[in-house]
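Chemist: A structural model of the following input is requested.
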Amino acid sequence: FFRRSAPSSGMSKSVPRRPKGVQTASSSQAAELTYQTGTSNAFALFQAGLTPAQSAAAVVVEGPDDGEFAQLLKKMAKRDPTTKLKALQQFQELLQQSSDDAPVIACLGEWCQLYLRLAVVRQKQIKERIQYVLVAIFGRSKPVKRAMERHIQTISGAWVCCMYDPAKEVRTAATQAWKTAFTDGAKEVAGLTFCRKAVFKHLGNNLLITPQSIQADQKTNPEETDQIYEC
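Modeler: Sure thing, here's the model as predicted:
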C-alpha cells in the first residue's frame, strides 16, 4: 500500500506512483471491496478498478465518521449503564445519518461481539436499544446488509432469545429487527434455517452456564457475573 511520506531534512525520498489509469475510489466502492475482501480494519482498503487480488497497490481511505464509530464502540464497552445507553443511542443516530458505508462495514464484527454481551445485561433499556441498532444496520445499503450476513449466525442465538425476553419492549424491538432483516415469510424461513444450528448451540450452551464459567470467560466482576447469570 502506497502513501506519501514527508521528506526528511536535507534529503528527498522517492514516492511510489499510483498505477496509470487508476483513480481514487468513492466511499461506496470502498465499502464494497471491504465486504469482498473481508477487511475488518477501521479503514477501507481498496483500489478503484481493481479486483481484491489486484489490490497490492491499493490506497488507504479513511471515512469521515471512522473516529466517531470507533469511539462509540469503546463507550459501549464501559461498565456504566448510562454510558452504554447513551453511546447506543448515538450509534443508532450515526447509522441513520451517515451516508458512508465503509466505516459501518468495518465496525460490524466488533459491534456483534458487543451485542452478545449487551443482550444479557439486566437493564431492559440497553437490551431494547441494541435491537434498534440492528434495525438501523439492516435499513442501510445492500453492501452493509451483505456484510452483515457474515455475522448473523454469531448473534442469532442471543437475538432469538431477545425475541422471547420477559420485557415486552425488548421482545418488540428484537422482532422488529428480525423482520427488517428478513422482509418476507420466505426470507424469514431461510434465515431461521441458516441460523438454526447456531441458535440451538446457543441455547445448549446457556443450559451449561454457571457463574464461575461466566466470570472465567468474560472476565466480569461478581456483580456483573450475577446480572448476566440471572438474565
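
Chemist: which elements pack onto the helix or strand that residue 114 is a member of?
Modeler: Residue 114 is located in helix 102-118, with elements delineated by DSSP states H and E. Contacts defined by 3 or more CB pairs under 8 Å, 6 or more residues apart in numbering; DSSP states H and E place helix 102-118 against helix 27-37, strand 44-46, helix 66-76, helix 81-97, helix 124-138, helix 142-149, helix 152-162. C-beta: built from backbone N, CA, C; applies to glycine.

Chemist: now the ones you listed as a markdown table including distance to residue 207 and mean neighbour count?
Modeler: As requested, the helices and strands packed on helix 102-118 are exported to a markdown table (distance: least, CB to CB, whole Å; neighbours: other CB atoms under 10 Å):
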| stretch | distance to residue 207 | mean neighbour count |
| --- | --- | --- |
| helix 27-37 | 35 | 22 |
| strand 44-46 | 41 | 25 |
| helix 66-76 | 28 | 17 |
| helix 81-97 | 27 | 17 |
| helix 124-138 | 21 | 21 |
| helix 142-149 | 28 | 17 |
| helix 152-162 | 12 | 21 |
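
Chemist: turn the ones you listed into a markdown table, columns for mean pLDDT and distance to residue 168.
Modeler: Putting those into a markdown table (pLDDT from 0 to 100; distance: least, CB to CB, whole Å) gives the following:
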| stretch | mean pLDDT | distance to residue 168 |
| --- | --- | --- |
| helix 27-37 | 45 | 35 |
| strand 44-46 | 32 | 39 |
| helix 66-76 | 88 | 24 |
| helix 81-97 | 96 | 18 |
| helix 124-138 | 96 | 9 |
| helix 142-149 | 93 | 26 |
| helix 152-162 | 92 | 12 |
